[in-house]
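> Mind looking at a prediction? Sequence and model below.
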Amino acid sequence: MQFRQKALSKLQSPEELDLPVRFARPQGRLVLAVTVVVMAAASFWALTGTVSSKLSAPGILTHAEGSYVLQSPVAGQVTGVLAEEGQLLSPGAPLLTVRTDQGDRPVRVVTGGRLTTLVAKVGSVVTTGADVATVERVKNPGDPLVAMLYVPGGAGSTIPVGAPVDLSVQSVPQHQFGVLRGRVKAVGRAPVTQTQIGGFLGDSGLAEQFSRHGNPVAVLVQLEGSSATKSGYKWSSADGPPYALDSTTPVTGAVRLAAQRPVDWLLP
């Protein structure tokens with residue numbers, strides 16, 4: 001009975017069609033406006049914006065011609081060491097004296113350069129073909145350093161010549177002096193083997209480290225010079241470290257790749 005009365009009352013009451021209809025509150029309009037603005041900005045960035053990325057790779061500071069391992073051409077006991085590490089040697093300069101069955105024989109450097117590592121000591125016994133020293137191929141100690149990076153083989157094609165590179169130097173505190181600046185000078189056309197890396201660096205241990213995840217691509221980085229720093233190179237800080245950089249110092253390079261479009265649009 002109560003339901004019947006409510007139904008009759010509803011039929012007798014007007015529909016109130018003359019009252020205005022509120023579609024949205026002011027707060028809803030504000031949210032809608034903000035959403036439209038954000039979507040418009042995102043669409044504009046998707047059409048015109050770019051994304052930059054970096055490729056990180058290990059490497060080492062060296063000179064452009066690399067180093068080589070000097071091996072003894074004779075077998076015997078070392079009776080004399082005629083040079084010190086860090087010394088600049090001319091081509092054919094004697095490095096060691098080895099006592100053999102035919103008398104004392106000199107061991108000479110093949111090409112001139114800086115003696116970076118001396119393995120043989122007075123009293124040690126060497127065999128024919130044994131590694132006795134590492135010599136860096138450099139004519140002048142003041143020749144500029146370069147950085148040789150070893151990037152994964154598949155990533156080599158993404159690196160353009162001239163790309164800027166930020167180098168974190170292992171012997172330089174980055175939080176205090178920043179990073180070393182450089183640019184890509186050359187990119188290898190094909191991956192290099194562990195043997196090739198060892199032949200260039202004169203260090204089989206480094207060669208194994210750089211090729212641990214497969215044959216990498218060698219990337220030559222030219223350091224940017226600066227007369228305002230003690231090291232003679234440009235840093236992200238104003239002065240850089242208050243000392244010179246040494247060759248064979250490990251580095252980690254961050255290559256800044258070319259900017260890319262975030263969305264590729266396909267038009268009919």
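Looks like it arrived, so ask away. Numbering: from 1, shown residues only.
> Wait, Asp203 touches Thr134, no?
Yes. Because the distance of 6.9 Å satisfies Cβ atoms under 8 Å, Asp203 is recorded as touching Thr134. Every residue, glycine included, has its C-beta placed from N, CA and C.
> what residues do those two have in common as contacts?
Common neighbours of Asp203 and Thr134 are listed as Ser67 (criterion: Cβ atoms under 8 Å, 6 or more residues apart in numbering).
> so where's this structure uncertain?
1-34, 37-38, 40-52, 258-268 (pLDDT under 70).
> all strands of the stretch 101-250 of the chain, in order?
Secondary structure of the stretch 101-250 of the chain (DSSP state E, counting those that start in this stretch): strands at 103-108, 113-118, 125-126, 131-136, 146-151, 164-169, 180-187, 217-223, 250-256.
> The first one pairs with which strands, parallel or anti?
This means strand 103-108. The strands that strand 103-108 pairs with in its sheet are strand 94-100 (antiparallel) (by DSSP bridges).
> and the angle from the strand it pairs with to strand 131-136?
For strand 94-100 against strand 131-136, the angle between stretch directions is 170 degrees (axes from the mean of the first three to the mean of the last three Cα atoms, to 10 degrees).
> which other residues reach strand 94-100?
Strand 94-100 is contacted by residues 70, 72, 74-83, 89, 104-109, 115, 118, 120, 126, 132-133 when judged by Cβ under 8 Å, 6+ apart.
> If any of the residues you listed are buried, give me the PyMOL selection for them.
Buried subset of the contacts of strand 94-100, written as a PyMOL selection, criterion 16 or more other Cβ atoms under 10 Å:
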select buried, resi 70+72+74+76+78+81+83+89+105+107+109+115+118+120+126+132+133
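> Doesn't Met39 belong to a helix?
Yes. Met39 sits within a helix when classified using DSSP: H, G, I helix; E, B strand; the rest coil.
> Tally up the residues packed near it, please.
Burial of Met39 is recorded as 10 neighbouring residues (other Cβ atoms under 10 Å).
> Give me the distance between it and Leu145.
In this view, Met39 and Leu145 are 51 Å apart by Cβ to Cβ, to the nearest Å.
> Specify the beta-bridge partners of Gly80.
Beta-bridge pairing of Gly80 under DSSP bridges involves Thr97.
> Make sure it is actually in contact with Val122.
Yes. Taking Cβ under 8 Å as the contact criterion, Gly80 and Val122 are neighbours in contact, 6.6 Å apart.
> list the buried ones in stretch 217-235?
Of the residues in stretch 217-235, those buried by neighbour count under the rule 16+ other Cβ under 10 Å are 217-223, 226, 229, 231-235.
> now do stretch 182-192
Residues 182, 184-185, 187-188, 191-192 are the ones in stretch 182-192 that count as buried (16+ other Cβ under 10 Å).
> Just give me the closest of the residues you listed to Leu55.
Val184 (10.5 Å; Cβ to Cβ).
> Tell me how many other residues surround the residue nearest to Ser90 when sequence neighbours are not counted.
Of all residues beyond its chain neighbours, the one nearest Ser90 is Gly112 (4.9 Å), with distances taken as Cβ to Cβ, 6 or more residues apart in numbering. As a burial measure, Gly112 scores 15 neighbours (other Cβ under 10 Å).
> tell me the contacts of Gly112?
The contact partners of Gly112, taken as Cβ under 8 Å, 6+ apart, are 88-91, 93, 137, 139.
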